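1. Okay, here's the prediction I keep looking at, along with the sequence it came from:
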Amino acid sequence: MLDCVTSHDKITTAASGFVLEDVPHLSDYIPLLQTYPDPLQDNPSYSVVAQYYVNVDDTIAQQIVVHKNSPRGTHFRRAGPAQKVYFDSEEVHACIVTCGGLCPGLNTVIREIVCGLYHMYGVHKVLGIQGGYPGFYSRNTVPLTPKVVNDIHKRGGSILGTSYGGHDTSKIVDSIQDRGINQVYILGGYGTQYEAAMIFEEVRRRGLKVAVVGIPKTIDNDIPVIDKSIGFDTAVEEAQRAINSAHVEAESAENGIGVVKLMGRYSGFIAMYATLASRDVDCCLIPESPFYLEGPGGLLEFVEKRLKEQGHMVIVIAEGAGQELLSGNPSIVNKQDASADKLFPDVGLWLSQKIKILHT
């Protein structure tokens, strides 16, 4: 039984150390919100499936493996169709926007949102906001229908275009309100989702019945609980091509060393999965596992050993690995890239230079 709720942060605690980190909801600030039967009940493709709906009390544990005497730990609200919804399908006017850098699978997500709303829920008014957040107030829009998005999953990039910055919360919510939009689907990374939360807070402040849905865009797979993030499989596949090329180069040279730097600021999923799939990698360095260069058991000692054994080697390193060894670089401290993420020093270049010094 839930016994304590912090309303703003939506954190609920219960017996046995149970903690629920919930998401904000329209019902938090709109009293006596009307509900409607889920349209899936009348959809022949779904109505025959037993126990299809998610129970309102279903949660997902953050930690799968726990000790029998330890607290139950943090849980999250389980996503999925509910028996009651808060929008009448005929009244829904949805919009989709993509922000930040490109990512494999963006068009697939756009297509699935449009087709899912149209075919599963009977929503026929979906608008595409072009060019990222500025598209809300620069009037760049395109109607989206299943016919429009039918083949877009075969293309790269985003059919809506994207951009960095341009976020003006007040202008964006003004546009949402003026257009009569009541469902907003936002595809983007950390900065984009932070700004999406600002949009929701402004929507809540104005008391609007507008659902703001954040869809995380990260090929790093650095999101807990979910299976895989958008574009992760493609990133691993492409990484293997780079590893294969580095292996061919290294194998063809005396004491050749191929260094492949891959994306992964705070998680090494791409580097590790690509390494396991390749089998040509001698050393994989990831942010979750600190390493050191000098002395017994250090990386340089391993490089020397491997070169003596086989005459070449391949090192894969995630961009966030070893950053504590480069933290003294004054030219890079506190700088940000275009997406407002902390700018990391080039660990691949740094490692290559350290290895070259070893062999000079």
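-> Structure's in. What do you need?

2. Which residue comes closest to Ser267 once chain neighbours are left out?
-> The shortest distance from Ser267 to any residue that is not its chain neighbour, by CB to CB, 6 or more residues apart in numbering, is 3.9 Å, and that residue is Asp222. Heads up, the C-betas are built off the backbone N, CA and C, glycines and all.

3. cool, and Gly188?
-> Nearest in space to Gly188, with sequence neighbours left out and distances taken as CB to CB, 6+ apart, is Cys99 at 3.9 Å.

4. all strands for the stretch 51-200 of the chain, in order.
-> Remark: strands of the stretch 51-200 of the chain, listed N- to C-terminal, are 59-61, 73-77, 84-85, 94-98, 126-129, 141-143, 183-188; assignment by DSSP state E, counting those that start in this stretch.

5. how about the ones you listed, which one is nearest Ile159?
-> Shortest distance between Ile159 and the strands of the stretch 51-200 of the chain, using CB to CB, is found for strand 126-129: 7.3 Å.

6. Run through the neighbouring helices and strands of that closest one.
-> With contacts defined as 3 or more CB pairs under 8 Å, 6 or more residues apart in numbering; DSSP states H and E, the packing partners of strand 126-129 are strand 94-98, helix 106-115, strand 141-143.

7. As CSV, the ones you listed with distance to Ile152, mean neighbour count and mean pLDDT would be great.
-> Converted to CSV, those look like this (distance: least, CB to CB, whole Å; neighbours: other CB atoms under 10 Å; pLDDT from 0 to 100):
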stretch, distance to Ile152, mean neighbour count, mean pLDDT
strand 94-98, 12, 26, 97
helix 106-115, 4, 20, 96
strand 141-143, 12, 14, 94
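
8. of the ones you listed, which approaches Asp42 most closely?
-> helix 106-115 (17.8 Å).

9. Does Glu294 touch Phe302 like I think?
-> No - Glu294 sits out of contact with Phe302 when judged by CB atoms under 8 Å, with a separation of 11.7 Å.

10. okay, those two: which has more neighbours?
-> In this comparison of Glu294 against Phe302, neighbours counted by other CB atoms under 10 Å, the higher total goes to Phe302 at 15 against 10.

11. Tell me the pLDDT of the more buried one.
-> Here the pLDDT value assigned to Phe302 is 95.

12. which residues does the residue lying closest to Ser245 once chain neighbours are set aside form a beta bridge with?
-> If you skip the residues right next to it in sequence, Ser245 has Gly258 as its closest partner in space, 7.9 Å away by CB to CB, 6+ apart. For Gly258, the beta-bridge partners under DSSP bridges are Val314.

13. try the one 4 residues further on
-> With DSSP bridges as the criterion, Leu262 is bridged to Ala318.

14. show me the contacts for it.
-> With contacts defined as CB atoms under 8 Å, 6 or more residues apart in numbering, the neighbours of Leu262 are 235, 239, 242, 270-271, 274, 316-319.

15. What about those residues, which are in strands?
-> Filtering the contacts of Leu262 for membership in strands, criterion DSSP state E, returns 316-318.

16. what about Leu285, distance to Arg155?
-> In this structure, Leu285 lies at 34 Å from Arg155, with CB to CB, to the nearest Å as the measure.

17. follow-up on the earlier one: hmm, the residue nearest to Gly188 is touching Ile186, no?
-> Yes - with the criterion set as CB under 8 Å, Cys99 and Ile186 qualify as a contacting pair; they are 6.9 Å apart.

18. So for these two, which residue has more residues nearby?
-> Cys99 (29 against 25).

19. residues contacting that one?
-> Contacts were defined as CB under 8 Å, 6+ apart; by that measure Cys99 touches 132-133, 162-164, 186-189, 192, 195.

20. sorry, back to before: anything in contact with each of Cys99 and Ile186?
-> Contact criterion CB under 8 Å, 6+ apart; residues shared by Cys99 and Ile186: Thr192.
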